[in-house]
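Asker: using only what follows, build the 3D model:
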Amino acid sequence: MNLSLRWRLTLMMFLQYAIWGAWAPVLGAYLGSPPKGGDPNLYLGFQPIQVGIIFSVLPLATILAPFIFGQLADRMMASQHLLAICHILGGTSIVLMGLQHQYGLFLVFMAAYSLFYAPTLALTNSLTFAHLSDSERQFGGIRVGGTVGWIIAGLVLAGWRKWLPVVPGDLLYLSGGFAILLGLFSLALPHTPPKKEGANPLAFLEALKLFKNRNFAIFMVISFIVGTELEFYYILTSPYLEHLGFARASVPAVMTIAQAAEIVVMAVLLPLLLPRLGARRLLAMGVIAWPLRYAIFAFLPISWLVAASLAIHGFCYVFFFVVGFIYVDRVAPKDIRASAQALVAIVVLGAGRYLGSNFAGWIQGHFTADKVTNWQMVFLVPCALTVACALAFLLFFREEKGAGKPAAEPVAAG
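Answerer: Below you'll find the predicted structure:
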């Protein structure tokens with residue numbers, strides 16, 4: 001691969017996840033009520049259940065995207081042109097979202113943004129694969145640019161809040177700027193014409209036969225539940241950090257600890273441990289890491305310890321979700337591997353996170369009175385559910401022969 005192609009694809013990934021990383025870690029705090037002593041002008045004051053609904057829109061759009069945009073990209077339009085349209089319209093939507101202070105209008109623009117952003121997650125991957133000569137060796141080095149972009153977006157937002165005038169909605173304006181920039185840059189990406197025949201948007205249904213495999217069925221049920229509990233981390237960590245006394249300006253930088261750890265676990269530990277321990281043991285380590293993090297949140301509300309525990313996210317995400325994708329690739333017959341991965345994405349990252357967003361918002365609302373949240377009780381819920389998942393996994397899941405061998409170099413997903 002020539003240098004020009006590599007840097008363009010890497011910069012595309014960098015901006016793709018900088019868009020997401022600018023708002024996702026800290027939106028929960030912005031939407032809710034200010035912490036004690038916080039400036040109410042910098043928070044929208046939405047109810048917890050409303051915050052959960054707002055966060056659930058992007059997972060819902062992730063489910064709908066293959067049906068709405070998949071055939072368009074496969075049959076009618078070059079990928080780089082569709083990326084440009086989606087990111088410019090999505091960037092405009094999220095900038096307009098930053099101007100809203102009423103829940104109804106905010107939700108409308110969040111829906112518009114999500115509808116345009118969700119298909120770009122698959123489009124950037126498919127565009128990249130179309131131009132790689134050796135995807136197993138080359139994709140990881142390009143995709144890790146996305147995790148770096150997520151981290152840099154958090155650091156830029158932290159710097160903005162520290163050194164520039166205070167602006168409500170700054171996270172959304174920064175995200176919109178990244179999106180519009182990527183929309184324009186997409187026109188410089190390599191030409192990727194549509195295929196003659198589009199993929200079947202219902203192809204994931206072919207993978208339903210895998211549920212006849214007892215271990216696969218157990219894995220999917222546990223993954224779905226863990227996917228719902230992922231939203232407690234994404235939605236509630238930033239307001240919890242502010243509750244513990246972290247300054248609003250420093251929270252975006254603190255949250256990047258999770259992605260920094262993800263890179264280390266991905267680049268160093270996973271290639272070292274997966275061939276030696278196999279998928280089952282790493283999956284077990286990953287699912288055990290989830291309640292450990294929530295237990296620290298619930299029982300040890302010490303600011304430095306909670307901040308340090310964010311590094312556990314690297315083990316939670318990589319050892320469970322990334323290794324899970326590798327496991328699925330190994331157990332699925334060759335002719336339905338793509339369909340199996342689509343099924344996992346729709347069930348876990350789509351439906352799981354959609355329900356989890358609403359559930360997390362409801363739980364926070366249930367344990368909030370007079371705008372004061374009982375954070376211990378809130379985080380005990382995902383702690384208990386992920387403990388149950390860990391026990392069920394250890395008791396019932398067994399690894400098929402050969403399922404632990406990596407098919408390709410895995411990559412971080414944020």
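Asker: what's in contact with stretch 341-360?
Answerer: By CB atoms under 8 Å, 6 or more residues apart in numbering, the list of residues contacting stretch 341-360 from outside reads 49, 52-56, 58-60, 62-63, 66, 203-205, 207-208, 210, 220, 223-232, 235-236, 321, 324-325, 328-329, 332, 382. Yep, even glycine has a C-beta here, placed from its N, CA and C like the rest.
Asker: pull out the buried members of the residues you listed.
Answerer: 49, 52-56, 58-60, 62-63, 66, 203-204, 207, 210, 220, 223-232, 235-236, 321, 324-325, 328-329, 332, 382 (16 or more other CB atoms under 10 Å).
Asker: which residues sit in contact with the residue nearest to residue 311 when sequence neighbours are not counted?
Answerer: Leaving out its chain neighbours, the residue that sits closest to residue 311 by CB to CB, 6 or more residues apart in numbering is residue 261, at 3.8 Å. With contact taken as CB under 8 Å, 6+ apart, residue 261 is in contact with 310, 311, 312, 313, 314, 315.
Asker: out of those residues, who's nearest residue 11?
Answerer: Residue 11 lies nearest to residue 314 out of the contacts of residue 261, by CB to CB, at 24.0 Å.
Asker: tell me which element the closest one falls in.
Answerer: helix 312-316 (DSSP states H and E).
Asker: need the next SSE after that helix, C-terminal direction.
Answerer: helix 323-331.
Asker: now that following helix, how far from the centre of its chain.
Answerer: 18 Å (CA atoms, centre = their mean, to the nearest Å).
Asker: could you give the angle of the following helix or strand past that helix to helix 323-331?
Answerer: Next along the chain after helix 323-331, taking DSSP H and E as the criterion, comes helix 337-344. Counting by axes from the mean of the first three to the mean of the last three CA atoms, to 10 degrees, helix 337-344 lies at 140 degrees to helix 323-331.
Asker: give me the phi and psi for residue 165.
Answerer: Backbone geometry at residue 165, expressed as degrees, to the nearest 10, gives phi -60, psi 140.
Asker: if you could redo that for residue 397, that was the one I meant.
Answerer: When read as degrees, to the nearest 10, the backbone of residue 397 gives phi -90, psi 130.
Asker: hmm, it is touching residue 279, no?
Answerer: No - using CB atoms under 8 Å, residue 397 is not in contact with residue 279, being 9.8 Å away.
Asker: these two: which has the busier surroundings?
Answerer: Higher neighbour count among residue 397 and residue 279: residue 279, with 25 against 20, using other CB atoms under 10 Å.
Asker: which strands and helices lie in contact with the strand or helix carrying the more buried one?
Answerer: Using DSSP H and E, the element containing residue 279 is helix 270-299. On a contact count with 3 or more CB pairs under 8 Å, 6 or more residues apart in numbering; DSSP states H and E, helix 270-299 meets helix 214-243, helix 303-309, helix 312-316, helix 323-331, helix 375-396.
Asker: dump those helices to a markdown table, plus mean pLDDT and distance to residue 155.
Answerer: Below are the helices and strands packed on helix 270-299 laid out as a markdown table (pLDDT from 0 to 100; distance: least, CB to CB, whole Å):
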| stretch | mean pLDDT | distance to residue 155 |
| --- | --- | --- |
| helix 214-243 | 95 | 15 |
| helix 303-309 | 97 | 15 |
| helix 312-316 | 94 | 17 |
| helix 323-331 | 87 | 28 |
| helix 375-396 | 96 | 26 |
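Asker: most tightly packed of the ones you listed?
Answerer: Most buried of the helices and strands packed on helix 270-299, by mean neighbour count (mean count of other CB atoms under 10 Å): helix 312-316, with a mean of 24.
Asker: any stretches of the stretch 1-150 of the chain with poor pLDDT?
Answerer: 70-75, 135-136 (pLDDT under 70).
Asker: what about residue 192, which SS state?
Answerer: coil (DSSP: H, G, I helix; E, B strand; the rest coil).
Asker: just give the closest residue to it, not the sequence neighbours.
Answerer: residue 79 (4.0 Å).
Asker: now swap in residue 146 and tell me
Answerer: Nearest to residue 146 is residue 17, by CB to CB, 6+ apart, at 3.6 Å.
Asker: verify the stated contact: residue 293 with residue 316.
Answerer: Yes - Residue 293 lies in contact with residue 316 (CB under 8 Å); the separation is 6.5 Å.
Asker: what touches both of the two?
Answerer: Common contacts of residue 293 and residue 316, defined by CB under 8 Å, 6+ apart, comprise residue 233.
Asker: how close does residue 250 get to residue 31?
Answerer: 19 Å (CB to CB, to the nearest Å).
Asker: neighbour count winner among the two?
Answerer: The neighbour comparison of residue 250 against residue 31 (other CB under 10 Å) goes to residue 31, with 24 against 15.
Asker: check contacts around the more buried one.
Answerer: Contacts of residue 31 (CB under 8 Å, 6+ apart): 43, 44, 46, 50, 51, 54.
Asker: how much space between the second one and residue 128?
Answerer: The span separating residue 44 from residue 128 equals 36 Å under the rule CB to CB.
Asker: do the same with the first one
Answerer: According to CB to CB, residue 43 stands 38 Å off from residue 128.
Asker: quick one on the thing from earlier: in contact with the residue nearest to residue 192, which residues?
Answerer: So residue 79 contacts 73, 123, 126, 127, 130, 189, 192, 194 (CB under 8 Å, 6+ apart).
Asker: go ahead and confirm the second one touches residue 83.
Answerer: Meaning residue 123. Yes - with contact defined as CB under 8 Å, residue 123 counts as touching residue 83 (5.5 Å).
Asker: and for residue 37, the neighbour number?
Answerer: Residue 37: 6 neighbours (other CB under 10 Å).
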